[in-house]
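In: here you go, sequence then predicted model.
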Amino acid sequence: MGQFEGFIGVDFWTALFVLLNTLAIFFVARKFLFNPVHKMITDRQQEIDGMYADAGKAKESAEALAAEYQQKLADAQATSERLVKEAVSRGQSREEEIVREANAEAAAILDKAASDVALEKKKAVNDAKNEISSMALAIAEKVVGRELGSKDQKALVDQFIDELGDNT
């Protein structure tokens, strides 16, 4: 059993040596392994946090741009509606103006035509009076057998025209 005790037993110097070796490995590993790995992990975490922050800023910027785009789109739509209304209004005003001008032109043409008709009627009546008076004078001269004076001619013509006007 002596060997068994040596196998299971704890030797102070061996335990101290193992403890010193473990501490030496721990400090060497901490200096050359843990600190650089911890620094690498910290740097990577900061990089990831920075990416998340950048992504958040980009998202906020995109949302702001989307809101701005929606506002501009709404403004453009309102402007286009306003322009269409103005164009329709101008078109209706122009239409009314053209109709007024056409009505005024038509009235002027009708007035001119009426005055032309009245003038032509008056001219035709005067021509008819002149011709009738010439014929009446010729007939009167033949009936009376002498030439009439201007007073007599005028009186006869006026009488004839009055009688002719009463018959019509």
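Out: Sure thing, it's come through. Note that the structure is predicted; figures quoted are calculated from it, not measured. Numbers count the residues shown, from 1 in each chain.
In: remind me, longest helix of this protein?
Out: Counting residues, the longest helix found in the chain (DSSP state H) is helix 35-144.
In: right, and the helix or strand after that helix?
Out: On the C-terminal side of helix 35-144, the closest following helix or strand by DSSP states H and E is helix 150-167.
In: mind listing what's buried along that next one?
Out: Of the residues in helix 150-167, those with enough neighbours to count as buried (16 or more other CB atoms under 10 Å) are Gln153, Leu156, Val157, Phe160, Ile161. For every residue, glycine as well, the C-beta is placed using N, CA and C.
In: what packs against it?
Out: Applying 3 or more CB pairs under 8 Å, 6 or more residues apart in numbering; DSSP states H and E, one finds that helix 150-167 contacts helix 35-144.
In: mean confidence (pLDDT) on the helix it packs on, please.
Out: Computed over helix 35-144, the mean pLDDT rounds to 88.
In: could you give the angle of it to helix 150-167?
Out: 120 degrees (axes from the mean of the first three to the mean of the last three CA atoms, to 10 degrees).
In: what is helix 35-144 packed up against?
Out: By contact count (3+ CB pairs under 8 Å, 6+ apart), the secondary structure elements abutting helix 35-144 are helix 150-167.
In: what's the offset of the helix it packs on from the middle of its chain?
Out: Between the mean C-alpha location of helix 150-167 and the chain-wide mean there is a distance of 75 Å, by CA atoms, centre = their mean, to the nearest Å.
In: closest to Tyr52 out of the buried residues of helix 150-167?
Out: Proximity to Tyr52 was ranked across these by CB to CB; first place goes to Ile161, at 115.7 Å.
In: pull the contacting residues for the closest one.
Out: By CB atoms under 8 Å, 6 or more residues apart in numbering, Ile161 lies in contact with Lys129, Ile132, Ser133.
In: against Ala67, how distant is Arg61?
Out: Not Arg; residue 61 is Ser. Taken as CB to CB, to the nearest Å, the spacing of Ser61 relative to Ala67 amounts to 11 Å.
In: run through who's touching stretch 108-118.
Out: For stretch 108-118, using CB under 8 Å, 6+ apart, there are no contacting residues.
In: hey, C-alpha coordinates of that stretch in CSV?
Out: What follows is the C-alpha trace of stretch 108-118 in CSV, where atoms were taken according to Å, rounded to 0.1, in the frame of the first residue of the first chain:
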residue,chain,number,x,y,z
ALA,A,108,-73.1,94.2,-84.7
ILE,A,109,-73.6,92.2,-87.9
LEU,A,110,-77.4,92.0,-87.3
ASP,A,111,-77.4,95.8,-86.6
LYS,A,112,-75.4,96.5,-89.7
ALA,A,113,-77.6,94.2,-91.7
ALA,A,114,-80.7,95.9,-90.4
SER,A,115,-79.3,99.3,-91.1
ASP,A,116,-78.2,98.1,-94.6
VAL,A,117,-81.7,96.7,-95.2
ALA,A,118,-83.3,100.0,-93.9
